[in-house]
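[1] attaching a predicted model along with its sequence, questions to come.
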Amino acid sequence: MPTIRSLIIGPGAIGALTCAQAQQYGPVWAYAHRPDLTLARHCLRSPEPIELNWQRLTGPSPRNDTNNDNDIDLIWTCCKAYHAQATTEALLRRFPNALAILLHNGMGPQHQLAQQFPGRLIWGTTTCGALRLDPLTYRQTGYGTSHLGLPPDAPKNSPAAAMVTRLASWQGPLALAVSDQVEQLLWQKLLINAVINPLTAALQIPNGQLLEPEFAEEIEGLCREVGQIMQHLGLAPINNPVLQVRRVAALSAENRSSMAEDVRLGRATEIDYINGFLLRAAQPFELATPFLTKWYKEIAQAGNS
């Protein structure tokens with residue numbers, strides 16, 4: 001079977017797991033968005049550690065005029081949401097035969113890119129996770145599932161559809177699974193992120209602290225507003241959203257959300273692609289969104305959005 005040549009945007013935690021998986025099926029390059037970025041070399045996971053074999057993408061292209069063996073087949077977008085749209089678009093144009101899998105947090109780029117590149121996009125969401133131990137080492141901390149699927153109305157005989165079928169047989173840290181409900185799964189993750197991320201970031205608390213009674217009203221209000229938006233968009237409701245948020249908070253009780261770390265370190269956050277995306281989705285329906293607005297402003301006014 002032909003190899004798959006992969007390019008990973010965002011060689012961080014999920015990028016390292018992606019490399020550990022993709023390198024079993026072909027060569028891997030990393031698109032480092034800044035020149036001083038270190039590529040990890042080890043992924044610690046059960047039952048045994050994996051040595052990461054990726055190389056930095058340099059020059060105008062990994063291919064040359066006489067040898068196309070290093071062209072790119074698959075772009076994995078694992079970066080922050082605010083880099084996802086522009087970087088993926090640029091690389092899909094640079095490598096016109098490539099497909100892209102979007103594994104970033106938040107929503108927005110998925111729909112825009114699917115419209116720009118019909119038949120070349122695969123949507124994804126993952127519950128896997130990894131923790132950076134040092135510049136050269138990540139440890140897999142979340143052994144979940146990565147669901148892949150096609151955008152709504154995507155051609156069933158497109159190159160992306162064929163790739164999804166092929167990826168279903170891949171084994172590795174991402175635990176890939178094909179789903180015809182990937183949009184619903186993206187919204188489920190969006191809801192959880194819209195609750196846990198801004199609250200823990202604004203208050204600088206671990207996820208588990210949200211289980212305390214004082215946060216019940218905020219959680220219920222945010223879940224209710226997201227549910228109203230989904231209803232007006234014609235999407236299926238999320239079953240017991242408050243319970244799902246509380247379950248994730250309990251499972252990650254000792255963890256700090258990525259947004260909390262971004263705020264603590266003065267970095268840009270993904271709030272515009274989480275709560276901001278939801279607020280924009282609510283506007284055409286003139287829905288009241290006091291909870292979403294409150295927590296969006298808490299992060300945006302900190303100057304980190």
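    All right, it came through fine. Treat the numbers as computed from the prediction; the structure is a model and nothing was measured.
[2] tally of neighbours for Thr77?
    For Thr77, the tally of surrounding residues (other CB atoms under 10 Å) stands at 31. In short, each C-beta sits where N, CA and C put it, glycine included.
[3] backbone dihedrals for it, please?
    phi -90, psi 100 (degrees, to the nearest 10).
[4] just give the nearest non-adjacent residue to Gln171, would you?
    Gln24 (7.4 Å; CB to CB, 6 or more residues apart in numbering).
[5] and that neighbour, how far from Pro241?
    37 Å (CB to CB, to the nearest Å).
[6] quickly find the element holding Ile101.
    strand 99-102 (DSSP states H and E).
[7] who does that strand pair up with?
    strand 74-77 (parallel), strand 121-126 (parallel) (DSSP bridges).
[8] CSV for those strands, including distance to Gln184 and mean pLDDT?
    Listed next are the strands paired with strand 99-102 as CSV, based on distance: least, CB to CB, whole Å; pLDDT from 0 to 100:
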stretch, distance to Gln184, mean pLDDT
strand 74-77, 20, 98
strand 121-126, 10, 97
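[9] mind putting these in a markdown table, distance to Ala281 included?
    Listed next are the strands paired with strand 99-102 as a markdown table, based on distance: least, CB to CB, whole Å:
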| stretch | distance to Ala281 |
| --- | --- |
| strand 74-77 | 21 |
| strand 121-126 | 17 |
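[10] out of those, which is closest to Gly221?
    Minimum separation from Gly221 across the strands paired with strand 99-102 (CB to CB) falls at strand 121-126, 24.2 Å.
[11] next secondary structure after the closest one?
    strand 129-134.
[12] ok, residues contacting that next one?
    12-14, 16-17, 40, 43-44, 138-142, 144 (CB atoms under 8 Å, 6 or more residues apart in numbering).
[13] keep only those of these that are in helices.
    Members of the contacts of strand 129-134 lying in helices (criterion: DSSP state H): Ala13, Ile14, Ala16, Leu17.
[14] what number of residues lie near the residue lying closest to Lys156 once chain neighbours are set aside?
    Spatial nearest neighbour of Lys156, excluding adjacent residues (CB to CB, 6+ apart): Leu150 at 7.9 Å. Neighbourhood size, Leu150 [other CB under 10 Å]: 23.
[15] mind listing what Leu150 touches?
    So Leu150 contacts Leu121, Ile122, Trp123, Lys156, Ser158, Ala160, Ala161, Val164, Val182 (CB under 8 Å, 6+ apart).
[16] pLDDT value on the last one, please?
    By that I understand Val182. Looking at Val182, its pLDDT is 96.
[17] contact partners for it?
    Here Val182 is in contact with Trp123, Gly124, Thr125, His147, Leu148, Gly149, Leu150 (CB under 8 Å, 6+ apart).
[18] return the closest of those with respect to Glu261.
    Using CB to CB, the contacts of Val182 come closest to Glu261 at Thr125, 20.5 Å.
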